[in-house]
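Q: Make a model of this:
(one chain, ligands or ions: 1)
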Amino acid sequence: MYPCSNPELVAAVSEAGGIGILQPISLTYVHGHDFREGLRLIRRLTSKPIGMNALIEQSSQTYRERMERWIDIALEEGVRFFVTSLGNPRWVVERVRPQGGVVYHDVTEAKWAAKGKDGGVHGLVAVNDRAGGHAGPLSAERLIDELAPFELPVLCAGGIGNERDFVRALELGYAGAQLGTRFIATPECRAGEAYKRAIVEAGERDVVLTERLTGVPVSVLDTPSVRRLGLKAGPLARLMLRGRKTKHWMRTLYALRSLWSLKRGLLRDSPERDYWQAGKSVAGVDAIEPAGAVVRRFADAWRASFKDA
Ligand SMILES: Cc1cc2nc3c(=O)[nH]c(=O)nc-3n(C[C@H](O)[C@H](O)[C@H](O)COP(=O)(O)O)c2cc1C
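A: A predicted model of the protein is given here:
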């Protein structure tokens, strides 16, 4: 999660038996670590497997080269699980597979899954309409049906705030789950207390989608700052986001601006001035509690569901 996944949070999730996913821009730009040193810090906190998120939208050559370098360093430091989002994952698969790496690709619809499968990914992360971050248009129920024909393991991303949501997702046929929002409300996450408390106190209706942060709908808490920002992109931005040539330029501009404002929001912690990402899973989050306790409770609930059956 940009900007929330600091090394301590990633390590705590893995140590409890999940797979903590590091986010390279978050690790370096927000939390101030040299990439390799940040990885080694996580390694000192846990020896269990960790993963890395690669946002691979085609923006600039410099970014692409940096991502290639980050992936190579991650491989050198023992990371073997990668979650790609937004672009064509083929080059990531080709880079990591020879070293035993596994790639799961974030998808919101069947057409992206087809691209992922074509690129050789090992699994899919089905990002539904309740997810934090960039939510998709389809429900968890619709998505699992749409993705079944690809015959790949599918993880459920979105709407999982407590162990009941988790068990329900697995009962729908998902092979696992990718969680974001739930892990912000943990002591290990370096987000401010006001942000964490807002997640605990929020209900589904306190979560809205705004296009004004990144150019595509992103799920955020409905704070005074978001009300001021607005939810829809302006007419000029829309026009530029549609243009074949201007689209990438506009997205890069949005991306840079949102990287900066989300970083500030994490560290300054003001609902009046900052933007806090969260998904509708806030409805199931009712306490700030250690990440490891969350992972263990979810696993226990899944095991218990067999006994009840
Ligand atoms: C604060 C926040 C930041 C996120 N950042 C990223 C990111 O950098 N890359 C990514 O692929 N997904 C990102 N996501 C999406 C998550 O990986 C995950 O799919 C989503 O959080 C699942 O929904 P949930 O928040 O309801 O658990 C982010 C989500 C949140 C809440």
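Q: For the lowest-mean-pLDDT helix or strand in the chain, list every residue counted as buried.
A: Lowest by mean pLDDT, DSSP states H and E among the helices and strands of the chain is helix 235-242, with a mean of 73. Within helix 235-242, the residues scored as buried using 16 or more other CB atoms under 10 Å are 237, 240, 241. All C-beta atoms are positioned from the backbone trio N, CA, C, and that covers glycine.
Q: In contact with the residue in the chain positioned nearest to the ligand, which residues?
A: In the chain, the residue found nearest to the ligand is residue 180; the distance is 2.1 Å by CB to the nearest ligand atom. Contacts for residue 180 (CB atoms under 8 Å, 6 or more residues apart in numbering) come out as 1, 4, 131, 132, 133, 157, 277, 279, 281.
Q: who does the least confident helix or strand of the chain touch, helix- and strand-wise?
A: Judged by 3 or more CB pairs under 8 Å, 6 or more residues apart in numbering; DSSP states H and E, helix 235-242 is in contact with helix 246-268.
Q: hey, C-alpha coordinates of the helix it packs on in PDB?
A: Extracted as PDB, the C-alpha positions of helix 246-268 are listed here (Å, rounded to 0.1, in the frame of the first residue of the first chain):
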ATOM      1  CA  THR A 246      -2.200  13.300 -23.600                       C
ATOM      2  CA  LYS A 247      -3.400  10.400 -21.500                       C
ATOM      3  CA  HIS A 248       0.000   9.300 -20.300                       C
ATOM      4  CA  TRP A 249       1.200  12.800 -19.700                       C
ATOM      5  CA  MET A 250      -1.900  13.600 -17.700                       C
ATOM      6  CA  ARG A 251      -1.700  10.400 -15.700                       C
ATOM      7  CA  THR A 252       2.000  11.100 -14.800                       C
ATOM      8  CA  LEU A 253       1.100  14.500 -13.600                       C
ATOM      9  CA  TYR A 254      -1.700  13.100 -11.500                       C
ATOM     10  CA  ALA A 255       0.500  10.300 -10.200                       C
ATOM     11  CA  LEU A 256       3.200  12.700  -9.100                       C
ATOM     12  CA  ARG A 257       0.800  15.100  -7.400                       C
ATOM     13  CA  SER A 258      -1.000  12.300  -5.600                       C
ATOM     14  CA  LEU A 259       2.300  10.700  -4.400                       C
ATOM     15  CA  TRP A 260       3.100  13.900  -2.800                       C
ATOM     16  CA  SER A 261      -0.300  14.700  -1.300                       C
ATOM     17  CA  LEU A 262      -0.800  11.100   0.000                       C
ATOM     18  CA  LYS A 263       2.600  11.100   1.600                       C
ATOM     19  CA  ARG A 264       1.800  14.400   3.300                       C
ATOM     20  CA  GLY A 265      -1.600  13.000   4.400                       C
ATOM     21  CA  LEU A 266       0.000  10.000   6.100                       C
ATOM     22  CA  LEU A 267       2.500  11.900   8.100                       C
ATOM     23  CA  ARG A 268       0.500  15.100   8.900                       C
END
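Q: now it, how far from the chain's geometric center?
A: On the basis of CA atoms, centre = their mean, to the nearest Å, helix 246-268 sits 16 Å off its chain's mean C-alpha point.
Q: which residue sits closest to residue 67, ignoring its sequence neighbours?
A: Leaving aside its sequence neighbours, residue 67 sits nearest to residue 54 (CB to CB, 6 or more residues apart in numbering; 5.8 Å).
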